[in-house]
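# have a look; sequence and predicted model below, questions after that.
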Amino acid sequence: PEDITDDSLFKAERGADSLGLLEVHAGLEQEYGISLEHLELVDMTNLKALYVAVATARGPVEQ
């Protein structure tokens, strides 16, 4: 985990496969109670992309 940065590429640098990315996708939906239907596996390139996807799915933060 300490070697993974926001820009580390899941597939190219970490060897993630489609099944692993599906597990991440499902885990995020369950953990945050969101739907990431708009996010395709090819879009799940790194943590930065996942942060954006989760923030978008959760909607604007009320202040």
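It's in. Numbers count the residues shown, from 1 in each chain.

# need phi/psi at the spatially most central residue of the chain.
Closest residue to the average C-alpha location of the chain: residue 50 at 3.0 Å, with CA atoms, centre = their mean. Per-residue torsions, residue 50: phi -70, psi -40 (degrees, to the nearest 10).

# so it touches residue 28, yeah?
Yes. Checked against CB atoms under 8 Å, the pair residue 50 and residue 28 is within contact range at 6.8 Å. C-beta coordinates here come from the backbone N, C-alpha and C atoms, glycine included.

# residues touching the residue nearest to the centre of the chain, list them.
Residues near residue 50 by CB atoms under 8 Å, 6 or more residues apart in numbering: 24, 28, 44.

# the first one is in what secondary structure piece?
What that stands for is residue 24. helix 18-32 (DSSP states H and E).

# next, the buried residues of that helix.
21, 25, 28, 29 (16 or more other CB atoms under 10 Å).
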